[in-house]
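K.L.:
Task: produce atomic coordinates for the following.
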Amino acid sequence: MDVGQGDALLIQKDGQNMLIDAGENKYGKTVYDYLQKNGVTKLDYVIGTHPHSDHIGGLDDVINGFEIGKVIMPKVSHNTKTFEDVLVAIEKKGLKITSPVVGDSYDLGEAKWTVLAPNGEKYDNLNDYSVVIRLEYENNSFLFTGDAEKQSEEEILKGDISLASEVLKVGHHGSASSTTDDFLERVNPKTAIISLATDNSYGHPHKEIIEKLEKNNIKTYRTDTHGTIVASGDGKTITFEINNFSKEDPQSSAKDSREYIGNKNSQVFHSKECNQLPQEENRVYFKDKKQAKDQGYRPHSVCIP
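P.N.:
This next block holds a predicted model:
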């Protein structure tokens, strides 16, 4: 889900539902409404990857609003009202928190998901407490990483659980603190998804991460440019939907609804008829000039869009 500078993911299979994170507090209703729109009445699993507000802020609204099965959160507390609100919602529902145990597997309909992290009991960085899971259904596989950083990734690599996944939810909103070379090589995804806000103050996604994904020919979706992203797996192939268009290429069909094309490297945007358009892997699409300018792009001096 597009929840700005945060994470929120809904996974559905055979009538069962799992939510991973729910964005900042202000996105609680957004997440609640999206779940309702998608026919959710019960969440069989709710995972709060770690206690930062951009991941658990909306969880109290969700827990208060739906029937909940199992709540999974790491063994770490955080001295914030946001964290307290989530604990109160859990207590009011008479629920208990299940701690993630590496290697534990759970069923979601005919799909299965396995806990990969956290592997340690104490970290200096709250992000490294992130619950990391791998989901698989027949030949489809997804890796969801929360904000896990280098230390957690290195610990995951020491384990004997398969990491290979067709789709990777990039760690920590595309920060250079995550997605190390060795980790990316072991996961070996075809597609990456980055959840982040336009013009965020952290500079996410960091340039080196984008370059790394491009170098490895990994197609990338970003909620700041594509909005909410839907991936559908039938056990054989995975297709993607953005802007109400079904596609396997996250870039190609964006042309159908966006009039202006930006160059990620030069931060220049062109009209779609310009004869100096960037290579496909360096493109970003905008529906209008305002959107391009709001994201820091300037008009091309030749085509003058």
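K.L.:
use CA for all of it now, contacts and neighbours both
P.N.:
Will do.
K.L.:
where does the chain have low pLDDT?
P.N.:
For the chain, the stretches with pLDDT under 70 are 243-258.
K.L.:
List the neighbours of stretch 36-56 that are in contact with it.
P.N.:
By Cα atoms under 8 Å, 6 or more residues apart in numbering, the residues outside stretch 36-56 that reach it are 5-8, 16-25, 59, 66-74, 76-78, 82-83, 86, 126-127, 129-132, 146-147.
K.L.:
Can you select the buried ones from the residues you listed in ChimeraX?
P.N.:
A single ChimeraX command selects the buried members of the contacts of stretch 36-56 (16 or more other Cα atoms under 10 Å):
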select :5,6,7,8,16,17,18,19,20,21,22,23,24,25,59,66,68,69,71,72,73,74,82,83,86,126,127,129,130,131,132,146,147
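K.L.:
Could you tell me which of the contacts of stretch 36-56 belong to strands?
P.N.:
Cross-referencing the contacts of stretch 36-56 against strands under DSSP state E gives Q16, N17, M18, L19, I20, E67, I68, G69, K70, V71, I72, V132.
K.L.:
now those residues as TSV including distance to K96?
P.N.:
Listed next are the ones in strands among the contacts of stretch 36-56 as TSV, based on distance: Cα to Cα, whole Å:
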residue	distance to K96
Q16	20
N17	18
M18	17
L19	16
I20	17
E67	14
I68	11
G69	10
K70	8
V71	7
I72	9
V132	20
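K.L.:
Would you point out the most distant pair within the residues you listed?
P.N.:
Within the ones in strands among the contacts of stretch 36-56, E67 and V132 form the most distant pair, 23.7 Å apart (Cα to Cα).
K.L.:
For this structure, just list every one of the helices.
P.N.:
28-37, 53-56, 59-65, 81-92, 150-157, 181-187, 207-215, 223-226, 289-294 (DSSP state H).
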